[in-house]
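I would like the atomic coordinates for the input below:
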Amino acid sequence: MIPLYLLPSLILAALCCGCGGSLKERELPAAPSEALRANIRTVAIICEQNPRLEMRKAQDKGSAATEGAIGGFLSGAGAGGHGGGDFAGAAQVLVWIIAIPIGTVSGAVEGAIEGVPREQIERADLELRKAADEVDVSSLLRGRLLEEAQRNTRYVLRTPLPSSDEQDCTARYKKLAQEGVDTVLEVSILSMGLGGNREPNPPLQLVIRARVRLVQAIDGRELYAYPWVSTYGSHRFTEWAENHAQPFRSGIERVTGLAARGIIEELFLVHRP
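Numbering: from 1, shown residues only. Model prediction:
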């Protein structure tokens with residue numbers, strides 16, 4: 001049983017605990033107009049930024065038991081009616097005396113059962129981070145974008161070599177304009193990793209978050225911009241890491257393909273009067 005002197009701390013922790021990790025759909029702005037697309041002839045595809053890795057891990061048994069105890073305590077504290085009078089007040093206290101300890105203990109036990117042994121979490125985390133380090137996600141997405149654009153548009157396409165100096169984008173894009181590029185498709189991958197609900201061991205999706213821009217090469221003017229989110233799969237944390245993180249590795253292949261298809265479709269194919 002949780003000692004009584006810890007109950008105020010448990011309440012505070014529950015109130016301060018953020019839900020984090022839930023995935024929300026973001027509404028896209030209207031796709032580029034047909035008038036804007038009519039002025040596009042030659043497109044340079046740039047995707048070079050290395051994403052930060054964000055992982056929603058499973059909880060170990062100790063952490064899951066603590067959170068379960070917090071939830072159970074609050075559930076017990078919410079038990080009982082809301083009648084008036086001295087008798088009703090005494091009855092409410094009696095309900096709390098019974099419900100709070102039971103809720104706290106049962107929540108802790110349930111959390112401990114659902115939690116994952118710490119050594120399994122650490123081993124899975126190591127495999128997943130190793131896999132992420134071994135995959136050049138930006139290069140992979142750039143190739144997928146080129147394939148989708150070649151298959152579905154009639155633009156002249158170029159994939160400039162990654163910039164090795166510190167020149168700003170405007171200067172770099174102006175140089176591309178001198179080489180015949182009129183529009184730059186710039187995709188910056190902001191983060192990649194596993195996301196899901198705040199539960200001891202929830203199903204997790206592989207998530208890529210990126211910033212997508214169309215830029216006029218000659219002067220760096222932004223023609224269109226929006227945040228992009230692509231997701232794939234649903235496995236628990238340790239399942240993503242099985243067989244040397246093979247589900248995670250193949251998931252990266254799939255999610256970059258989905259992202260590329262969606263980006264090219266939204267920018268160049270969806271009809272907008």
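
mind checking the end-to-end distance for stretch 153-173?
Stretch 153-173 has an end-to-end distance of 22 Å (criterion: Cα to Cα, to the nearest Å).

Give me the contact list for it.
Outside stretch 153-173, the residues within contact range by Cβ atoms under 8 Å, 6 or more residues apart in numbering are 40-46, 48, 142, 146, 149-150, 176, 180-181, 184, 186, 215, 217-220, 264, 268-269. Any C-beta I mention is one placed from the backbone N, CA and C, and that applies to glycine too.

can I assume residue 259 sits in a strand?
No - checked against DSSP: H, G, I helix; E, B strand; the rest coil, residue 259 lies outside a strand; its state is helix.

Return the residues in contact with it.
When contacts are counted by Cβ under 8 Å, 6+ apart, residue 259 touches 141, 144, 208, 210, 228, 230.

Switch those over to JSON lines; also include distance to residue 125, secondary structure and neighbour count.
As requested, the contacts of residue 259 are exported to JSON lines (distance: Cβ to Cβ, whole Å; DSSP: H, G, I helix; E, B strand; the rest coil; neighbours: other Cβ atoms under 10 Å):
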{"residue": "141", "distance to residue 125": "24", "secondary structure": "helix", "neighbour count": "26"}
{"residue": "144", "distance to residue 125": "27", "secondary structure": "helix", "neighbour count": "21"}
{"residue": "208", "distance to residue 125": "19", "secondary structure": "strand", "neighbour count": "22"}
{"residue": "210", "distance to residue 125": "24", "secondary structure": "strand", "neighbour count": "23"}
{"residue": "228", "distance to residue 125": "26", "secondary structure": "strand", "neighbour count": "19"}
{"residue": "230", "distance to residue 125": "23", "secondary structure": "strand", "neighbour count": "22"}
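
now those residues in a markdown table, with distance to residue 116 and pLDDT?
Below are those laid out as a markdown table (distance: Cβ to Cβ, whole Å; pLDDT from 0 to 100):
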| residue | distance to residue 116 | pLDDT |
| --- | --- | --- |
| 141 | 31 | 97 |
| 144 | 33 | 97 |
| 208 | 25 | 96 |
| 210 | 30 | 96 |
| 228 | 31 | 94 |
| 230 | 27 | 95 |
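
which two in these are spaced the farthest apart?
With distances taken as Cβ to Cβ, the most widely separated pair in the contacts of residue 259 is 144 and 228, at 13.0 Å.

Next, the buried residues of stretch 255-272.
255, 256, 257, 259, 260, 261, 262, 263, 264, 266, 267, 268 (16 or more other Cβ atoms under 10 Å).

now the first one, nearest residue through space, not along the chain?
Spelled out, it's residue 255. With Cβ to Cβ, 6 or more residues apart in numbering as the criterion, residue 255 has its nearest non-adjacent residue at 3.9 Å, and that residue is residue 232.

What lies in contact with the one helix or strand that neighbour maps to?
Assigned by DSSP states H and E, residue 232 falls within strand 221-235. Contacts made with strand 221-235 from outside it, assessed by Cβ under 8 Å, 6+ apart, are listed as 23, 25-26, 28-29, 32, 36, 183, 187, 195, 203-216, 240, 247, 251, 254-256, 258-259, 262-263, 267.

now the end-to-end length of stretch 149-160.
From start residue to end residue, stretch 149-160 stretches across 15 Å - Cα to Cα.
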